[in-house]
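K.L.:
I'll drop the sequence and a predicted model, then ask my questions.
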Amino acid sequence: MHRTPRERLHELFTKVDAFFASASARHGERMACRTGCSDCCRRRFSVTSIEADAIREALAALPEADRAALAERARAGDPGVCPALDGEGRCAIYAARPLICRTHGLPIRFAPASERALPVIDACPKNFVGEDLHAVEASSVLDQTTLSTVLAALDMAHADAAGQPRGQRVAIAAVLSGEG
């Protein structure tokens, strides 16, 4: 059975969400990520074209008043805050949130800019406070290079199927405002 890039994106999201839930259950209070904590949402960012399409689909399912409120926040809101963030610190597009939002807070292994440096592990500064992140068991650490590679492959397949250029990124504010 051939799955579409969007179906595979949903599978990736499901796996990452399960990984996050497992890490949260395993580490309990060592991870401060909870509903209403929105520190990681205090910026504006871009998403891949496949993620933008998933967000557009989720937006289409919202009531018109909610879509209009999101579009207004995207156009006129605080430029240092994700426009999907509502007044109670909740994400208005939580089910369709992009990969970066699904992984934020977890220990993430990534390669530093220098090719000769060893991989670095980082996490939200509210999580694993006072601990050496390199001591966190490997089963609780996501590999950023692997995730980025999988997402890029899905995005390329999505772009090819849609006849669009590969590698395009879209500001989340543009998606929410209907301008991108």
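P.N.:
Cool, got the structure.
K.L.:
Please make it C-alpha for all contacts and neighbour counts, starting now.
P.N.:
Noted.
K.L.:
mind listing the helices in this protein by residue range?
P.N.:
Applying DSSP state H to the chain gives helices spanning 5-27, 49-61, 64-76, 99-103, 144-162, 172-177.
K.L.:
Pick the most buried one from these.
P.N.:
Among these, the stretch with the highest mean neighbour count (mean count of other C-alpha atoms under 10 Å) is helix 172-177, at a mean of 22.
K.L.:
tell me the mean pLDDT over that one?
P.N.:
Helix 172-177 carries an average pLDDT of 96.
K.L.:
likewise stretch 106-114?
P.N.:
Mean predicted confidence for stretch 106-114 is 87.
K.L.:
Figure out which of the helices of the chain is closest to Pro112.
P.N.:
Nearest of the helices of the chain to Pro112, taken as C-alpha to C-alpha: helix 144-162 at 10.8 Å.
K.L.:
Which elements pack onto the closest one?
P.N.:
Using 3 or more C-alpha pairs under 8 Å, 6 or more residues apart in numbering; DSSP states H and E as the contact test, the elements touching helix 144-162 are helix 5-27, helix 49-61, strand 108-110.
K.L.:
Which residues does the last one contact?
P.N.:
The one in question is strand 108-110. Here strand 108-110 makes contact (C-alpha atoms under 8 Å, 6 or more residues apart in numbering) with 119-123, 141-145.
K.L.:
Gly87: neighbouring residues, count only.
P.N.:
8 (other C-alpha atoms under 10 Å).
K.L.:
er, Ser139 I mean
P.N.:
Ser139, neighbours per other C-alpha under 10 Å, totals 9.
K.L.:
where's it relative to Lys126, distance?
P.N.:
Distance, Ser139 to Lys126, using C-alpha to C-alpha, to the nearest Å: 20 Å.
K.L.:
re the thing from before, same list (the helices and strands packed on helix 144-162) but as a markdown table, adding distance to Ala157.
P.N.:
Converted to a markdown table, the helices and strands packed on helix 144-162 look like this (distance: least, C-alpha to C-alpha, whole Å):
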| stretch | distance to Ala157 |
| --- | --- |
| helix 5-27 | 6 |
| helix 49-61 | 9 |
| strand 108-110 | 24 |
